[in-house]
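J.: need a structure here:
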Amino acid sequence: MVRLFAVKIIERNEFERYMPFIRDTVENNNNSPLIGHYTIKQRSLLGKMMTYKILSSEFGINPDAIKIITNEHNKPALESQSNIHFNLSHSGDWVIAAFSSKPVGIDIEKIKPVNLQIAWRFFSENEVEFLKSLPEDIREHWFLKLWTIKESYLKALGTGLSRPMRSFSVNYRNGDFQIIDTENPTEVYLKHQNFKINYLLSVAAFKNKISDEITIYEAQDLLE
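T.: Here you go, the predicted structure:
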């Protein structure tokens, strides 16, 4: 079972109360400093803390024994656990994670206006033709659907955007999405859904069952 988790960021003035804790967490875990806009800092910290919370409470791993590594494309993994796979994504006010016993990828995108020239440049020919066949007023929304699916798939593979998006296609038929990828014949399972009011969420997994439920954590519970 692929399990899904999420946490929503909190207001800036409330988050700033935790700044000393953020510095301690970064130093204690020997990670790169959290720099930039407070939202970026908060997403990074909450993603880290949610991962530790899930690994300890859901998988029974001692927090002191958790060591997260990344591959050359920045996909995270546990150094000493090959049977636990996870992936994170964030957009807008939300950080979301997927955990599985097989490779998994997840992507969340806040619904917003997009430049469809991105699709014409980076999507496969079949995907571009599909988008052009749609009524103009829904093309942007469907672009975001395809984008989240494609990115979740690349994250499941562990390549991220180092592999061209046009090197495979997402087909939509009879209400279902399907990956067409001659370079990777392994069957992949997809789940795409609306999340909250203004977000789209996609999961790609090399394991059949993807949970319909998302466990929501409170940010304060992770930070305290």
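
J.: now the element after the helix or strand of the chain with the lowest mean pLDDT, going C-ward?
T.: Least confident element among the helices and strands of the chain, by mean pLDDT, DSSP states H and E: helix 19-29 (a mean of 53). With elements assigned by DSSP states H and E, the helix or strand that comes after helix 19-29 is helix 38-57.

J.: got the CA positions of that following helix in CSV?
T.: Below are the C-alpha coordinates for helix 38-57, written out as CSV (Å, rounded to 0.1, in the frame of the first residue of the first chain):
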residue,chain,number,x,y,z
TYR,A,38,10.5,32.0,5.0
THR,A,39,8.0,29.9,3.0
ILE,A,40,10.9,27.9,1.4
LYS,A,41,12.5,27.5,4.8
GLN,A,42,9.2,26.2,6.3
ARG,A,43,8.5,23.8,3.5
SER,A,44,12.0,22.4,3.8
LEU,A,45,11.8,22.0,7.6
LEU,A,46,8.2,20.6,7.6
GLY,A,47,9.1,18.1,4.9
LYS,A,48,12.1,16.9,7.0
MET,A,49,10.1,16.7,10.2
MET,A,50,7.2,15.0,8.6
THR,A,51,9.5,12.4,7.1
TYR,A,52,11.1,11.7,10.5
LYS,A,53,7.7,11.5,12.2
ILE,A,54,6.3,9.0,9.7
LEU,A,55,9.5,6.8,9.8
SER,A,56,9.4,6.7,13.6
SER,A,57,5.6,6.5,14.3
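
J.: who touches that helix?
T.: For helix 38-57, the surrounding residues in contact (Cβ atoms under 8 Å, 6 or more residues apart in numbering) are 5, 7, 9-10, 12, 15-16, 18, 22, 25, 29, 31, 34-35, 61-63, 66, 68, 76, 78, 84, 86, 88, 90, 95, 97, 99, 217, 219, 222-223. C-beta here means a position set from N, CA and C on the backbone, and glycine is covered the same way.
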